[in-house]
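Asker: Need a 3D model of the following:
(one chain, ligands or ions: 2)
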Amino acid sequence: MSLHCQKSAKGDKVNTHKFKADIHQDREDSEAMAIEPPFFEKYKAILQSSANEKEKPPTVEGFEELELPLIDLSHLNLGPLERQECIEKMGQAAIEWGFFQIVNHAVPDELLNRLKQEQIKVFQQPFDKKSENNFLNLSVQSYRWGNPLATSLRNLSWSEALHISLKDISKMDEYNKLRPYWWRYFDGTSDQMPSAMAPCCCLLHLISVTVACLTQCAFEFASDRQHGLNFTLIRQHDPSTIEEYAEKANFLAQRLAEYLAQNLGIKANYFQENCSPSSSSLRMNRYPPCPYPSMMFGIIPHTDTDFLTIVSQDQVGGLQLKRNGRWVSVKPNPKALVVNIGDFYQALSNGVYKSITHRVIANQETERYSAAYFYCPTYETVIESCSKPSLYKKFSFKEYREQIQKDVKATGDKVGLSRFLL
Ligand SMILES: O=C(O)CCC(=O)C(=O)O
Ligand SMILES: [Fe+2]
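Answerer: Numbers count the residues shown, from 1 in each chain. Ligands and ions are numbered 1, 2, ... in the order given. As a prediction, the model looks like this:
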């Protein structure tokens with residue numbers, strides 16, 4: 001039996017007095033530390049009414065901890081036979097599990113550690129600051145916490161997240177600070193010409209345009225030469241850690257999507273044609289310790305709205321997936337990234353690859369961090385099954401998104417692919 005099982009089996013009972021004390025404590029804590037979202041304030045009505053009505057909390061105990069299928073991506077570079085075997089193993093995992101883990105993925109540990117430090121920096125800021133509309137210069141609602149639409153114990157979540165659309169990354173403050181002010185004028189993120197620079201501007205402009213052209217050529221040359229997973233990107237500027245990670249995750253996601261497509265006979269350039277880095281997003285998650293781990297989730301059960309997701313998680317654990325009708329825990333592997341199939345790949349593969357329901361359970365003692373990279377098509381892309389007869393109607397990402405928004409508003413749940421069954 002796993003560690004989480006023992007923790008959550010403590011059975012934190014719904015007790016109105018305790019809630020009152022906790023709400024009070026929550027206020028004091030948030031005044032003192034100021035970083036935590038006011039979960040208790042938000043959930044107190046649901047918690048109190050469920051206590052009065054003796055509503056049963058969702059069960060989060062008695063699960064097994066399993067190793068996901070492990071795909072060693074270095075086999076892609078060994079020889080044609082090993083490469084084929086590796087691709088087939090990936091496909092098999094996508095069919096049988098909808099989840100697998102990858103090692104030798106070419107994302108350096110050092111970058112993953114830096115990403116985690118970056119996450120800590122973001123989330124350790126005061127709650128008031130995180131919830132400002134232009135936090136880090138990102139679009140509204142990039143910072144999210146809890147479940148604003150929760151109506152019962154079933155959909156309470158104890159986590160906060162920064163959801164960064166990739167087209168916004170270059171607007172982030174931290175990233176901007178890394179570049180000289182005059183460069184921001186030229187690349188369009190600031191429209192104020194620094195006055196002291198004015199006399200040099202024409203010259204700088206000429207130089208920067210030339211350098212940009214040359215680096216772009218070099219970049220294209222480099223990407224043409226990318227085989228296997230050894231990649232070196234040549235950029236026009238110093239990227240922030242978040243941008244650097246997103247670039248690598250995007251590269252990796254595209255390759256994985258392409259390998260998975262080979263097993264299904266989907267054309268090789270399908271993903272290149274339908275996805276652009278700016279259509280995807282990176283979600284950085286933080287799960288603060290939760291006083292009621294058996295009554296609410298870190299993230300409620302869901303499937304992902306994308307082709308596939310790459311998850312980098314710390315060693316705390318808590319990610320679970322539904323397998324043969326039972327919840328199983330994913331055992332963290334420090335060397336691996338977790339990959340899961342999303343709704344769009346299930347539709348594209350005509351139900352062959354599985355977009356599996358997963359969730360994160362709450363942990364009473366330990367804070368947890370993860371980062372999920374959602375590999376998505378552009379809004380206009382129409383997703384159509386690759387084989388006939390199709391299980392699903394064809395739909396665009398835009399239509400799918402709009403349907404989810406309607407369903408979430410009406411039912412508190414996204415419903416998902418079953419809406420598009422034929
Ligand atoms: O935190 C995790 O391990 C998974 C997060 C997740 O499922 C999501 O952000 O969609
Ligand atoms: Fe997810």
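Asker: Per the annotation, how does this protein divide into domains?
Answerer: Using automatic domain parsing, the domain parsing of the chain gives 65-169+239-420, 175-236.
Asker: Now do the end-to-end distance for the longest one.
Answerer: Its start and end residues considered, domain 65-169+239-420 measures 33 Å (C-alpha to C-alpha, to the nearest Å).
Asker: Which helix or strand lies directly C-terminal to whichever helix or strand Y259 is part of?
Answerer: Following DSSP states H and E, the helix or strand that holds Y259 is helix 241-262. Next along the chain after helix 241-262, taking DSSP H and E as the criterion, comes helix 270-274.
Asker: quick one: buried residues of that following helix?
Answerer: In terms of neighbour count (16 or more other C-beta atoms under 10 Å), helix 270-274 has its buried residues at Y270, F271, N274. Using the backbone N, CA and C atoms, a C-beta is placed for each residue, glycine as well.
Asker: Summarise which helices and strands it is packed against.
Answerer: helix 241-262 (3 or more C-beta pairs under 8 Å, 6 or more residues apart in numbering; DSSP states H and E).
Asker: centroid residue for the chain?
Answerer: A372 (2.2 Å; C-alpha atoms, centre = their mean).
Asker: So that one sits against R283, correct?
Answerer: Yes: between A372 and R283 there is a contact under C-beta atoms under 8 Å: 4.7 Å.
Asker: for the residue in the stretch 201-350 of the chain positioned nearest to ligand 1, what are its contacts?
Answerer: With C-beta to the nearest ligand atom, the shortest gap between the stretch 201-350 of the chain and ligand 1 falls at L319, namely 3.8 Å. Contact analysis of L319 by C-beta atoms under 8 Å, 6 or more residues apart in numbering lists V311, Q313, S329, V330, P332, V338, H358, R359, V360, S370.
Asker: Of these, which is the nearest to T303?
Answerer: H358 (7.5 Å; C-beta to C-beta).
Asker: Once you drop chain neighbours, what's closest to the closest one?
Answerer: L321 (4.3 Å; C-beta to C-beta, 6 or more residues apart in numbering).
Asker: One more: H75?
Answerer: C86 (4.0 Å).
Asker: Report pLDDT for that neighbour.
Answerer: With respect to pLDDT, C86 scores 98.
Asker: and it, that one's in a strand?
Answerer: No: under DSSP: H, G, I helix; E, B strand; the rest coil, C86 sits outside any strand and is assigned helix.
Asker: Quick check: it vs ligand 1, distance?
Answerer: Distance, C86 to ligand 1, using C-beta to the nearest ligand atom, to the nearest Å: 24 Å.
Asker: and that residue, what is it in contact with?
Answerer: Counted by C-beta under 8 Å, 6+ apart, C86 has contacts I71, D72, L73, H75, L76, Y259.
Asker: Mean neighbour count, the domains of the chain: which tops it?
Answerer: When the domains of the chain are scored by mean count of other C-beta atoms under 10 Å, the highest mean neighbour count falls to domain 65-169+239-420 (a mean of 18).
Asker: still on that earlier bit, return the member of the contacts of C86 nearest to P148.
Answerer: Nearest to P148 among those, counting by C-beta to C-beta, is I71 at 36.5 Å.
Asker: Pairing partners for the helix or strand where the closest one lies, with directions?
Answerer: Secondary structure from DSSP H and E places I71 in strand 70-72. Sheet pairing of strand 70-72 (DSSP bridges) gives strand 99-103 (parallel).
Asker: neighbouring contacts of the strand it pairs with?
Answerer: Against strand 99-103 from outside (C-beta under 8 Å, 6+ apart): 67-74, 90, 93-94, 256, 321, 330, 333, 335-341, 356, 358.
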